[in-house]
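Novice: any chance you can model this:
(2 chains)
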Amino acid sequence: MIYREAGQFKTTYAADQAIFPIAQDKVVVTLAVVAAFVVPTAVAGDYWLQAVLIPFLVYAMAALGLNLLTGYAGQLSLGTGGFMAVGAYAAFKLATAFPALNIVVVFLLAGLVTAAVGLLFGVPSLRIKGFYLAVATLAAQFFLIWLFNKVPWFVNYAPSGTITAPDRALFGVLVTGPNATAQARYVFALALVTVFALAAKNLVRGRVGRAWMAIRDRDIAAEIIGIRPLPTKLLAFGVSSFYCGIAGAELVFLYLGSAETLAFDINQSFLVLFMIIIGGLGSILGSFLGAAFIVLVPIFLTNLPHLLGIAISTALRKQIELMIFGGLILFFLVVEPHGLARLWQITKEKLRLWPFPH
Amino acid sequence: MSSALAAALAPLADIAASPRFFLEVLIGGVAAGLLYSLVALGFVLIFKASGVFNFAQGVMVLFAALTLVGLMERGVPVGAALVLTAATMVVLAVGIERVVLRPLVNQPPIILFMATIGLTFFLEGFGEMLWGSNVKKLDVGIPDESFQVAGILVNKLELSAAVTAGVLVAVLAVFFHGTRIGRALRAVADDHEAALSIGIPLRTIWVIVWSVAGLVAIVAGIMWGAKSGVQFSLSLIALKALPVLILGGFTSVPGAIVGGLIIGTGEKVAEVYWGPLVGGAIENWFAYVVALAFLLVRPQGLFGEKIIERV
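Specialist: Have a look, this model is predicted:
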């Protein structure tokens, strides 16, 4: 009854092609975004912001990036961790070399640097695909991490080998570094994710996204209808790496504060891949749902035994976590290959008919 | 630039100066390469028979080794522990066929690949939950010591690994070419539908091939475990089997062996001679970059079937 589009007539193509053609969607999403900006900053404590919401936003960004590449363009990548590392180290170098540079510009430039690196490692995708490509991206992962470990220039010759986010302000408020409040960092991360999610949504709705999906569904057919595989695939690698790079920069600047290469190892790549499988391949919303899920499961597992009054060791918890992740991947691939986003869509379709389904 | 070139070429002079040391490095590389080959062999078997790129092969190696060590720690004699581990791997194969392969039949290969990544995580957690995650010493009675042959150090363990790998390949070759099941396996590998239409039970074949891959995993697990202890990093080492496969070709058993040898010796030689130039530890990525370069030139690998497909 509530979720009904009857009476909403479209009189222009623009209205028909809008991101949210149904008025209720538009209202709810706008309210949700506004609430996301206002409510946690006012209500949530530092623990919630620091342990749940900020990592969620950071990983949502990374998942968006990988989803553009794997979900939309169909190119499997296991190098996400490596690309995030490029973003983080590029942002660190830029921020420390040019202290006057606006932090937003730093992030964008770090994204561009990552995009360039992504293009480089995307070149093999022109000849190979599927799991061959996955192995090629593994090369990126291992090589990049090794590079950041071995070349002291990347960490400004710090003997500890870690990079630390410097204090940077935006509109007079500290948003990065050890002295920034969790609220400021949260709002900054949220603003970035909102803008880039909107950009991604528009990208995949338009010509570029359609070309990606055509390549994903049948590359030869796509070529025949006039899509050039070379620029299309490379663009997917570039844009995806751009997102991953910004996510990496956020990971260090807004979430961890300081990090070494260990934070970007191969498990990070798998984690982001799991997010988009569980959330939904080829779905912007799915990237967010998947990120929320993967961030929340470990927290849930940490707190559940406390609530039930059972003591389980950290090692056991880690193992159960692995089993649950693995089991869920299998479950989703078998039962709902389109992930949580598809479940949400089914709910919406049911809701449109409710309460008179016939 | 010329000085950089000279530095890059200097190790060649080292090799010429001390051929005996070079030979020892080479032998060490061959031994490591054979272990990669053993893991890659499991990949190839499954890929040939079911077209599934089994990312979980590395974890199957870890799981097999963990089970074996776990049983032995509980006082089960070596022989019985081996039989029990083999039984576990067969049960695992049946389970995987039921839970993963059967519902995912006809899905694109990339979905199956991701399913095996899920399987990887599940098995890792499961194995460690059952048997604990601390590093374990696997002692199967092969001493890890060296003796001299014509002035060159040879490790007994590595030698027995080489012999085992050779025997295993021979047994597999006989199994594939001499037995009824082996013929059925090759038929399935050639064409699923044609095999089905002449009455080969596809599901049974899948169980058999995953079991065989499980048994190969036990052998690989024993060899790795005896060399460096049974621990989580085993499954990471097994990732190295991926470049081996690219080099050797996804569908070729001899390719897996040769690819393993090339990767094993290549990365050892590169590490020992060229590693110090760039700060060491290039062993971690050398194999992948070689594979990457190789992919651009010859995507089907050294011995793989040529895929006539444009990208």
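Novice: which is the next helix or strand following the helix or strand encompassing residue B:43?
Specialist: Per DSSP states H and E: residue B:43 is located in helix B:19-50. Using DSSP H and E, the helix or strand that follows helix B:19-50 in sequence is helix B:57-73.
Novice: show me what the following helix or strand past that next one is packed up against.
Specialist: Next helix or strand after helix B:57-73 toward the C-terminus (DSSP H and E): helix B:78-96. Contacts defined by 3 or more C-beta pairs under 8 Å, 6 or more residues apart in numbering or on different chains; DSSP states H and E place helix B:78-96 against helix B:57-73, helix B:202-228. Backbone N, C-alpha and C define where each C-beta goes, glycine included.
Novice: most packed of those helices?
Specialist: Ranked by mean neighbour count under mean count of other C-beta atoms under 10 Å in any protein chain shown, the helices and strands packed on helix B:78-96 are led by helix B:57-73, which reaches a mean of 26.
Novice: send over stretch A:140-150 as PDB, restricted to the C-alpha atoms.
Specialist: Listed next in PDB are the C-alpha coordinates belonging to stretch A:140-150 (Å, rounded to 0.1, in the frame of the first residue of the first chain):
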ATOM      1  CA  ALA A 140      50.200  -7.200  -9.200                       C
ATOM      2  CA  GLN A 141      49.300  -8.000  -5.600                       C
ATOM      3  CA  PHE A 142      52.600  -9.600  -4.600                       C
ATOM      4  CA  PHE A 143      54.800  -7.300  -6.700                       C
ATOM      5  CA  LEU A 144      53.300  -4.100  -5.300                       C
ATOM      6  CA  ILE A 145      53.500  -5.200  -1.700                       C
ATOM      7  CA  TRP A 146      57.100  -6.200  -2.100                       C
ATOM      8  CA  LEU A 147      57.900  -2.900  -3.700                       C
ATOM      9  CA  PHE A 148      56.500  -0.900  -0.800                       C
ATOM     10  CA  ASN A 149      58.300  -3.100   1.600                       C
ATOM     11  CA  LYS A 150      61.600  -2.800  -0.100                       C
END
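Novice: what comes into contact with that stretch?
Specialist: With C-beta atoms under 8 Å, 6 or more residues apart in numbering or on different chains as the test, stretch A:140-150 has contacts from A:78-83, A:85-86, A:89, A:117, A:121, A:154-155, A:161, A:261, A:264-266, A:269, B:278-282, B:284-285, B:288-289.
Novice: so how do I select the buried members of those in ChimeraX?
Specialist: Buried residues within those, by 16 or more other C-beta atoms under 10 Å in any protein chain shown, are selected in ChimeraX with:
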select /A:78,79,80,81,82,83,85,86,89,117,121,154,155,261,264,265,266,269 /B:282,284,285,288,289
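Novice: figure out the helix or strand that the nearest residue to residue A:18 once chain neighbours are set aside lives in.
Specialist: Once flanking residues are discounted, residue A:18 sits nearest to residue A:26: 7.7 Å by C-beta to C-beta, 6 or more residues apart in numbering or on different chains. Element membership of residue A:26, judged by DSSP H and E, is helix A:23-43.
Novice: what pLDDT, on average, does stretch A:11-27 get?
Specialist: Average pLDDT, stretch A:11-27: 82.
Novice: typo on my end, it should be stretch A:308-324
Specialist: 76.
Novice: about what we covered before: looking at the helices and strands packed on helix B:78-96, which is closest to chain A?
Specialist: Closest approach to chain A among the helices and strands packed on helix B:78-96 is made by helix B:57-73 (9.5 Å; C-beta to the nearest C-beta).
Novice: hmm, that closest one in reach of chain A?
Specialist: No. Figure legend: helix B:57-73 not in contact with chain A (C-beta under 8 Å from any C-beta of the partner chain); closest approach 9.5 Å.
Novice: need the contact list for residue B:21.
Specialist: Here residue B:21 is in contact with no residues (criterion: C-beta under 8 Å, 6+ apart).
Novice: how near is it to chain A?
Specialist: Distance of residue B:21 to chain A, given as C-beta to the nearest C-beta, to the nearest Å: 25 Å.
Novice: helix, strand, or coil at residue A:268?
Specialist: helix (DSSP: H, G, I helix; E, B strand; the rest coil).
Novice: helix or strand for the closest residue to it other than its chain neighbours, which one?
Specialist: Residue nearest to residue A:268 in three dimensions, not counting chain neighbours: residue A:81, with 3.6 Å by C-beta to C-beta, 6+ apart. Remark: residue A:81 resides in helix A:80-97, with elements defined by DSSP H and E.
Novice: what angle sits between the helix or strand following that helix and helix A:80-97?
Specialist: As assigned by DSSP H and E, the chain's next helix or strand after helix A:80-97 is helix A:103-122. If you take axes from the mean of the first three to the mean of the last three C-alpha atoms, to 10 degrees, helix A:103-122 sits at 140 degrees to helix A:80-97.
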